[in-house]
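**Student:** This is the structure alone, sequence omitted:
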């Protein structure tokens, strides 16, 4: 009986092998997996930021599917007869009614709904922080420009996904936000009115808004995001992973963990991310629509605040003066149009920066070693200035709450934000730039004189000196491996490489930007091998 069981297992194993060989011969899956299994994956805590994006997105998909089973995307009016007594008997939309049903009558519905919302907030935050890590370390350089573009598009799509999902419950808070969106759309010259009519299906708020936003939120945006995520991961696997500078690391190799070890760590990290989101969802209330009530076009929610990622747009709208001008018989609502252009320009500048830096440096080589932010002071200063502008604008979105909590006038807070939008980014750039230069000087001093030990000795002639300990080879490599670019000569053309008196305006602009990035005063010259030898020989004597 035992022999028969063993024989059947052997036959089943051979059959499985034949199936696997057939599939591999046509799909090549096994050979690709076997080739990638020999890859090394760098291990650094900052690389986990991208994994947080992926795992929070998986939580969004799973919880979103659950919510879709109970949500009714309709604005038809029904009488609420659910468990929440204060609203019982009122006329609400089917969307609001189903949201209340999920929150109070579906087992685990409120937990899933809050986990979905929190996961969306974590997802957008993780994308933004991950992109900042990529920005400050220069991971967007060739051959990863497409990865940066995909990440930028993912951030924009995630923000619109959050906006459309935030408006689905048809409560008073989301309706107030939609009124702001409608006003911004109407401010667009020529096409604003048509866009508003198309989006809302008529005069605001229309009758088809929830159904249209539901289609966009559930089908269109997720499909685009899945495609971008897949393309991003394929490019990451196709191009070897970036790595921080260190001994044995170069543009031609990768030092890190094997695939199996990395997969186990990633699986554990997925459960940590998912568990953390559900813990937050179970203890921190978010978007309690029963407190806001259903949307009414004649009502506005006091103290309304958007989700944090839309705070920059709301803040710019709140602090903008109420300017309007008449142009060829048409009224231009600058109080909405200028914040729209400023917010769009803020994100477009972030998305286009890799192309600008590549053009300025004239570096067409593949780069797989990451920069230390201190070694690129101008880039670091620009990134900090961008973040500071974003934070100041977010503060403007809470100007009423700040005024109430700090017992100051709303006008004072508004003017503080208006001034801060111009002053704070400049100060942030200067501080970050000088800080990076100071750290470069510190690195130069460490390389030439060694690390301070804190030990003070007295020489025979009575002089007191501090003992310095020479750096190891690994530390010297990290502090000196980076390349320092030189500004482009405006008299050289990109084609012939010789002097050209008729240098075009574009070439002069490129040279001027290059000087601002890598000219005099923008970086501290790193020690040469000759300087190091001379200094160390003096110390030995």
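**Tutor:** Received the coordinates, thanks. Please read all numbers here as calculations on a predicted model, not as lab measurements.

**Student:** where exactly do the strands run in the protein?
**Tutor:** 40-41, 77-79, 91-93, 257-258, 324-327, 330-333, 451-458, 464-469 (DSSP state E).

**Student:** List the contacts of the fifth one.
**Tutor:** This points to strand 324-327. By Cβ atoms under 8 Å, 6 or more residues apart in numbering, the residues outside strand 324-327 that reach it are 331, 332, 333, 334, 335. To be clear about C-beta, it is placed using only N, CA and C from the backbone, and glycine gets the same treatment.

**Student:** Can I get the strands of the chain in JSON lines including mean pLDDT, mean neighbour count and distance to residue 165?
**Tutor:** Listed next are these as JSON lines, based on pLDDT from 0 to 100; neighbours: other Cβ atoms under 10 Å; distance: least, Cβ to Cβ, whole Å:
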{"stretch": "strand 40-41", "mean pLDDT": "78", "mean neighbour count": "18", "distance to residue 165": "33"}
{"stretch": "strand 77-79", "mean pLDDT": "92", "mean neighbour count": "12", "distance to residue 165": "22"}
{"stretch": "strand 91-93", "mean pLDDT": "92", "mean neighbour count": "19", "distance to residue 165": "16"}
{"stretch": "strand 257-258", "mean pLDDT": "82", "mean neighbour count": "14", "distance to residue 165": "36"}
{"stretch": "strand 324-327", "mean pLDDT": "82", "mean neighbour count": "10", "distance to residue 165": "33"}
{"stretch": "strand 330-333", "mean pLDDT": "80", "mean neighbour count": "14", "distance to residue 165": "27"}
{"stretch": "strand 451-458", "mean pLDDT": "82", "mean neighbour count": "10", "distance to residue 165": "52"}
{"stretch": "strand 464-469", "mean pLDDT": "80", "mean neighbour count": "11", "distance to residue 165": "56"}
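
**Student:** what would the ones you listed look like in CSV with distance to residue 178?
**Tutor:** Shown next, in CSV, are these (distance: least, Cβ to Cβ, whole Å):
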stretch, distance to residue 178
strand 40-41, 44
strand 77-79, 18
strand 91-93, 13
strand 257-258, 47
strand 324-327, 22
strand 330-333, 17
strand 451-458, 59
strand 464-469, 63
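
**Student:** for these, which one sits closest to residue 369?
**Tutor:** Closest approach to residue 369 among the strands of the chain (Cβ to Cβ): strand 40-41, 14.6 Å.

**Student:** and the closest one, which strands flank it?
**Tutor:** strand 257-258 (antiparallel) (DSSP bridges).

**Student:** Show me how far the strand it pairs with is from its chain's centre.
**Tutor:** Distance, stretch centre to chain centre, for strand 257-258: 27 Å (Cα atoms, centre = their mean, to the nearest Å).

**Student:** what residues are up against the residue lying closest to residue 170 once chain neighbours are set aside?
**Tutor:** Spatial nearest neighbour of residue 170, excluding adjacent residues (Cβ to Cβ, 6 or more residues apart in numbering): residue 95 at 4.2 Å. By Cβ under 8 Å, 6+ apart, the contact set of residue 95 is 71, 72, 73, 74, 75, 168, 169, 170, 210.

**Student:** Can you list the neighbours in contact with stretch 78-91?
**Tutor:** 77, 92-94, 96-97, 100-101, 104-105, 290, 293-294.
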